[in-house]
Every structure is written in C-alpha cells, then in structure tokens.
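Trainee: need the 3D shape of this:
(one chain, ligands or ions: 1)
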Amino acid sequence: MADPVSPSVADSASESRLRPVPKDWIAAIHAYVPGKSTGTDGQSLIKLSANENPLGTSLLALAARLGQGQGAGDPARYPDPESHALRAGLGALHKIAPARIVMGTGSDELLNLAAQAFAGPGDEVLFVRYGFSVYEIASRRCGATPVIALDRDYAADVDVLLGCVTPRTRVVFIANPNNPTGSFLPRADLARLHAGLPGHVLLVVDQAYAEYLEADADDGALALALSTDNVLVTRTFSKIYGLAGERVGWATGAPALIDMLNRIRGPFNLTLTAQAAALAALDDQPFVEASRAQNLAERTRFAAAVGALGNHGLRPLPSEANFVLIEFSGALTAEAAYKGLMDQGFITRWLPGQGLPQCLRITIGTASDMDRVAAVLRQLAEAAR
Ligand SMILES: *Cc1c(COP(=O)(O)O)cnc(C)c1O
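Mentor: Below is the predicted model:
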C-alpha cells in the first residue's frame, strides 16, 4: 500500500506527483475486521465468528423479502425514505411514538451518525476497553479523540467510566450486553452512569443483544431514551432477527436527537427488501422467542462444558448475549484453540487486534455444533502441555 504524499514532499520531489491527502484522523483508522467464514486455505467453515442467528431467518421475513405476501415493492422505484410502515411496527411493539424512531443501514450507520452529530475535532468520545470496535472508528471518523476506560475483569466499571469524563467529553458509547465480552450492566448501574454524566454528554446505549435478555433483566435504557434528553438507544435486526445481510438498525431518543440523525442519514438508507423483510420479521415474534430460548439453553450448556475445563485454564466469562468469550490461561492458548477449532471445521473469533490475544469469542450455534466445539476444546486442552 502506498503512503499518501504530503504536499511538502510532493513540492520538493523532482517529479511533481500530487495526490489527495487524507485527513490525519481518517488515516489513523484501522478498518473494521469482520468475522471470517473461510479458513486460511479457503475451505468453508461453520461460522461462529459473527454472532449471527443459528436458526437463520424467520420464514415470514424470507417470504416478504422475495416479494410474496406483502411484497417488497417495485425495484424501479426508490424505497420509502422514511420507512413508515417499519417504524410504525417498531413503535407498536415497543410502545414508542414512531416519530421518535430513526432507521439506519444497520445500527452501524446510526452509531457513526451519533458520533458525527455530537462530536468533532477537539472533543472526546468515551467507551470501555474491550468494547465494540466500531466505537473507535466512529470517534475517529468525525475527528474526535477516542478515550478508553479500563474494565473490571473485562466488564464495564461505572466509576472508572465516570472518572474519564472531562469537559471535552461529548459522547459515551456503551454496548449492553457488551461485545466481545458478553458482560451486562444492570439497570441500577446504567442509571448511575447516566446520572453521573453532565446533561450535554450524549449516552449511546447499543442494545444489539437486548432481545436475548430475559424480560425482567431489562437495563432500563429504552425508558431513559424516552424520558431524558441525552440518551440514544440503538437496536438491530442483525442478531436475534436473523437479518444481518439486510442491514437494518434503528435508534430512539429525544426528538431533538432523532432530528439530528435524520438530517445526516442516507436519505434512502433502507432498501425495499430490507424494509419488507424487517417488517415481516417483527410480526414473527414466535421466531424471536424460539431464538432466545435456543440461545439461552445452548449458551448455558456450552458455558458449563467450558467451565468444566477450568483445571486446564479455560474460563468462560459470564455472558448475556449470543456468544461466550473464553479466557485461556493454561497450556492451551487461545491462538492454538482458534487454529485447532479451524482444523475441525469451525471458525471462531480470536481477538489479538482488540487487545485480547488470550481470548476466543465463540458464537452460540446449534446444539450439535456446540457439542462438537466443546468436545474439540476438551481434546485440545487435554493434549496441550
Ligand atoms: C453486531 C453488533 C451491532 C450490529 O451492527 P449492525 O450494523 O446493526 O449489523 C451493533 N453493536 C454491537 C455491539 C454489535 O455486536
């Protein structure tokens, strides 16, 4: 890859070749690394690296996407720029006025817009170490300075976060449950975080995995988004709804926040098929229930199987999401486990790039996949020395 040529270098070069110069803060970004689906030699593997739904997608959503049932619409026409039907459906399900909902091309678009609307050069954007890697990209993209709060045994620590707030802080991102750790900040802690922030600081609660929580475990973020001026909640259809490929996210918060995001989002940011599929997926709550139950059962079983390898230095961190982060501190390293699982046909997520070379994140798959993964981990741990 060629280095950009700064104007001064170009001027002094005998051959004057001018090239566009990227902004420093953009050049400092490390691109997001997506979960892989093939091994190093290109073989296709069972993908447990991107937290997708092992049950696939609701059949109703698949039908809507193909133009049966309600129909996805005429592709020669632009889609509804305001996703009216989908926002009405979300509003009805979550008891939120549709005017307070903004759609995004995945929640990724909304996380970036939140940073861009409320932070810029000279401002700080705060998030935890071992948080979602998009937050750092979103902070840098708008020229703001990322500030990283230390964790407490991989989980968010409210006091540490509040201690990192300065007069320059503009946005705080927190995923709850968090990715890649699976940790969860209970309602009282989230309320304390919000109460400790000055009113001009935007608290973005990324609830990509909220639907996996039991109903009584609600972190209270949606209620905060509806009752305060500085909380934005983001949600996605990529995880429990099984629509990662259609790129549908949404956010809710005070009308003034939603207004700003609407000004800068892509005007036609949800395709026809995305809107149709997401609306049908919303109507299939039995699929969501089945996905939640399957995840809870398999995550519980898998965490117990990994926990039984504690004498080999494997520790499953507590998870409220659809994956488990495993810490390796014995003879079997996370890297060796990653490679050993790949040899047996499973791609998982090893995270040295996120400061976690000692950890593997494994998405909860089908019962038979998880049995197999647990068995491979046991074999690898027993063989390691
Ligand atoms: C997967 C994930 C998302 C979802 O991103 P989309 O752009 O909606 O697919 C958002 N936040 C976190 C923490 C995630 O893990």
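Trainee: tell me how many other residues surround the residue in the chain that the ligand sits nearest to.
Mentor: Proximity of the chain to the ligand (CB to the nearest ligand atom) peaks at G106, 2.5 Å away. The way it works is simple: take the backbone N, C-alpha and C, and place the C-beta from them, glycine included. G106 has 24 neighbours, counted by other CB atoms under 10 Å.
Trainee: can you check S44 too?
Mentor: 10.
Trainee: phi, psi of it?
Mentor: phi -80, psi 140 (degrees, to the nearest 10).
Trainee: domains of this structure?
Mentor: 46-55+286-384, 59-283 (automatic domain parsing).
Trainee: pLDDT averaged over the first one - what is it?
Mentor: Here domain 46-55+286-384 scores 97 as its mean pLDDT.
Trainee: quick check: end-to-end length of it?
Mentor: Domain 46-55+286-384 has an end-to-end distance of 24 Å (CA to CA, to the nearest Å).
Trainee: check the last one too.
Mentor: From its first residue to its last, domain 59-283 covers 11 Å (CA to CA).
Trainee: again, but for stretch 131-145
Mentor: Note: stretch 131-145 ends 16 Å apart using CA to CA.
Trainee: circling back: mind pulling up the phi and psi values for the residue of the chain closest to the ligand?
Mentor: phi 80, psi 160.
Trainee: and for the one 4 residues further on?
Mentor: L110 has phi and psi values of phi -70, psi -40 when expressed as degrees, to the nearest 10.
Trainee: cool, and Q207?
Mentor: phi -100, psi 40.
Trainee: got the contact list for the helix or strand where W25 lies?
Mentor: Assigned by DSSP states H and E, W25 belongs to helix 24-27. Under the contact criterion CB atoms under 8 Å, 6 or more residues apart in numbering, helix 24-27 has outside partners 4, 121, 140-141, 143.
Trainee: Serialize those residues to JSON lines and add fields for distance to S329 and secondary structure.
Mentor: What follows is those, written out as JSON lines (distance: CB to CB, whole Å; DSSP: H, G, I helix; E, B strand; the rest coil):
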{"residue": "P4", "distance to S329": "42", "secondary structure": "coil"}
{"residue": "P121", "distance to S329": "41", "secondary structure": "coil"}
{"residue": "R140", "distance to S329": "32", "secondary structure": "helix"}
{"residue": "R141", "distance to S329": "36", "secondary structure": "helix"}
{"residue": "G143", "distance to S329": "39", "secondary structure": "coil"}
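Trainee: out of those, what pair is the most spread apart?
Mentor: Longest distance between any two of the contacts of helix 24-27 is 19.0 Å, between P4 and P121; criterion CB to CB.
Trainee: give the buried subset of the contacts of helix 24-27 as a ChimeraX selection command.
Mentor: This is how ChimeraX selects the buried members of the contacts of helix 24-27, with burial counted by 16 or more other CB atoms under 10 Å:
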select :140,141,143
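Trainee: check the contacts of helix 24-27 against A61 and report the nearest one.
Mentor: Of these, the one sitting nearest to A61 (CB to CB) turns out to be R141, at 30.9 Å.
Trainee: and the closest residue in space to the closest one that isn't next to it in sequence, what does it touch?
Mentor: With CB to CB, 6 or more residues apart in numbering as the criterion, R141 has its nearest non-adjacent residue at 6.1 Å, and that residue is N112. Residues near N112 by CB under 8 Å, 6+ apart: 134, 137-138, 141-142.
Trainee: kindly indicate the member of these with the most neighbours.
Mentor: Neighbour max across the contacts of N112 (other CB under 10 Å) = A138, 27 neighbours.
Trainee: for P121, see how far away that one is.
Mentor: 14 Å (CB to CB, to the nearest Å).
Trainee: for L110, same thing?
Mentor: 22 Å.
Trainee: same question for P146.
Mentor: Applying CB to CB to P146 and P121 gives a distance of 13 Å.
Trainee: kindly report the same for A274.
Mentor: For A274, the distance to P121 - CB to CB - is 33 Å.
Trainee: repeat for S83
Mentor: 32 Å.
Trainee: go on, E320?
Mentor: Counting by CB to CB - E320 and P121 are separated by 36 Å.
Trainee: and what of D259?
Mentor: 23 Å.
Trainee: what do you get for V288?
Mentor: Taken as CB to CB, the span from V288 to P121 is 41 Å.
Trainee: and what of H194?
Mentor: Distance from H194 to P121, by CB to CB: 26 Å.
Trainee: swap in A304?
Mentor: From A304 to P121 the distance is 49 Å (CB to CB).
Trainee: how about the residues of the stretch 51-200 of the chain that lie near the ligand?
Mentor: Applying CB under 6 Å from any ligand atom, one finds that the stretch 51-200 of the chain approaches the ligand through 51, 106-108, 132, 175, 179.
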